[in-house]
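**Q** Sequence first, then the predicted structure:
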Amino acid sequence: MKWLIVAVLILAQQPAKAPESKGAAKPNGAQIANQADATNPKQKPSQPATIATQTANTPILPKDHVSAVSEDDQRNETERKTHEEDLKIQRKIVWFTGLLVFVGFIQVGVMVLQWLMYRRQAGIMADQIITTRDTERAWVIASPVDNAPVLGFIPGGESNMERHLVGADKHNVFSCSFKTTGNSPARLVESAIRYYKVERLEDIPSEPDYGERIPLNDLPLVPGDSIGFIQFLEPSPILNRIESVRVTRQECFLYAFGIMVYRDAYTRLHETRFGFVYHFPLGGDPREKGFRRDGLPQAYNQAT
């Protein structure tokens, strides 16, 4: 019995054998290290074991699938770059188009300014031409040849006294001279002269009626030269004795008016209108006897 107890104690004191692995047997140093690790539970597991665990959990893709994914990424990247380049080009086009529009507006403004300058210069040149022509053109002026003619009248009754008076049996005539002034000749186109008796100056029409005009067929008249026309009193060239006395007393009036149409050296048409009233001074009137432009409407005395 003692012998059996001793054998059990001996067996209990012997260490238990570790189970054999299928691989190569580990050396005693490794077993000691493992025992040390087992004995120190606070020591962290080694990094290679963690990497091995993560690698074991990561799925492994086939090579063809990996190649297709890589090509898709490259294609997407290429398309993205292409899209960015297109956007850059479009931005440049928009900027360039805006710049062209701005330059176009500037050019339009410059053209408008140039047109205004040319128009102003053309206006100045036209004014200068007109001024030069007006300076060099011909002017035709009209004036009475006899400013105070004798009144003609018919003697009344059989008295020889009236027949010896000045103006007895004499026609009343208005004679007018047209003279050219200026630096170029004039060409006379047509003319008309009228000579009337009126009871009051207020009875003279505001617009002259020249009636039928005499054509002159562009008759040349050089500067300084003149031409004369005459016109008899209408409707009768001779007054009776009473009418002549009334005229001298300004109880009735004689007036003459007319027009001359002519061309200048630049073929422009002009008119010279004239009108005169035969004035007889009364009661201290300082004005001299003769034809005067006073008392007629403005339309009778104009020049263009």
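**A** Yep, that arrived.

**Q** quick check, residue 244 in a helix?
**A** Yes - under DSSP: H, G, I helix; E, B strand; the rest coil, residue 244 sits within a helix.

**Q** hey, what's the spatially closest residue to residue 221 that is not a sequence neighbour bridged with?
**A** Distances taken as Cβ to Cβ, 6 or more residues apart in numbering put residue 180 closest to residue 221, at 4.5 Å, once the chain neighbours are dropped. Heads up, the C-betas are built off the backbone N, CA and C, glycines and all. The partner list for residue 180 in beta bridges (DSSP bridges) reads residue 140.

**Q** how close does residue 180 sit to residue 190?
**A** Noted for residue 180: a distance of 16 Å to residue 190, by Cβ to Cβ, to the nearest Å.

**Q** So between these two, which is more surrounded?
**A** For residue 180 versus residue 190, the count of surrounding residues by other Cβ atoms under 10 Å is larger for residue 180: 22 against 17.

**Q** So for that one, what's the pLDDT?
**A** With respect to pLDDT, residue 180 has a value of 94.

**Q** Next one: it from residue 278, what distance?
**A** If you go by Cβ to Cβ, the gap between residue 180 and residue 278 works out to 26 Å.

**Q** my read: the residue nearest to residue 221 touches residue 140, true?
**A** Yes - counting by Cβ atoms under 8 Å, residue 180 does reach residue 140; the two are 5.7 Å apart.

**Q** any common contacting residues for these two?
**A** Shared contacts of residue 180 and residue 140, defined by Cβ atoms under 8 Å, 6 or more residues apart in numbering, comprise 186, 221.

**Q** continuing past the helix or strand harbouring residue 174, what's the next helix or strand?
**A** Taking DSSP states H and E as the definition, residue 174 sits inside strand 173-182. Once the chain leaves strand 173-182, the next helix or strand it forms, by DSSP H and E, is strand 186-198.

**Q** quick check: angle from that next one to strand 173-182?
**A** 150 degrees (axes from the mean of the first three to the mean of the last three Cα atoms, to 10 degrees).

**Q** Could you list every helix and strand in contact with the next helix or strand after strand 186-198?
**A** Sequence-wise, the next helix or strand downstream of strand 186-198 (DSSP H and E) is strand 214-221. Other elements packing on strand 214-221 under the criterion 3 or more Cβ pairs under 8 Å, 6 or more residues apart in numbering; DSSP states H and E are strand 186-198.

**Q** model confidence over the strand it packs on, on average?
**A** Strand 186-198 comes out at a mean pLDDT of 96.

**Q** swap in stretch 150-166?
**A** On average, stretch 150-166 scores 66.

**Q** Next up, the contacts around the residue nearest to residue 221.
**A** 138-140, 186, 221-226.

**Q** hmm, back to that, ok and the strand holding residue 174 relative to strand 214-221, angle-wise?
**A** 40 degrees.

**Q** Can you show me the CA trace of strand 173-182 as PDB?
**A** The C-alpha coordinates for strand 173-182 follow below in PDB (Å, rounded to 0.1, in the frame of the first residue of the first chain):
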ATOM      1  CA  VAL A 173     -44.400 158.000-116.100                       C
ATOM      2  CA  PHE A 174     -42.400 156.200-113.500                       C
ATOM      3  CA  SER A 175     -38.900 155.400-114.800                       C
ATOM      4  CA  CYS A 176     -36.700 152.900-112.900                       C
ATOM      5  CA  SER A 177     -33.100 151.900-113.200                       C
ATOM      6  CA  PHE A 178     -31.700 148.400-112.300                       C
ATOM      7  CA  LYS A 179     -28.000 148.400-111.500                       C
ATOM      8  CA  THR A 180     -25.800 145.400-110.700                       C
ATOM      9  CA  THR A 181     -23.400 145.500-107.700                       C
ATOM     10  CA  GLY A 182     -21.100 142.900-106.400                       C
END
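
**Q** how about it: buried residues?
**A** Buried positions in strand 173-182, judged by neighbour count with 16 or more other Cβ atoms under 10 Å: 173-176, 178-180, 182.
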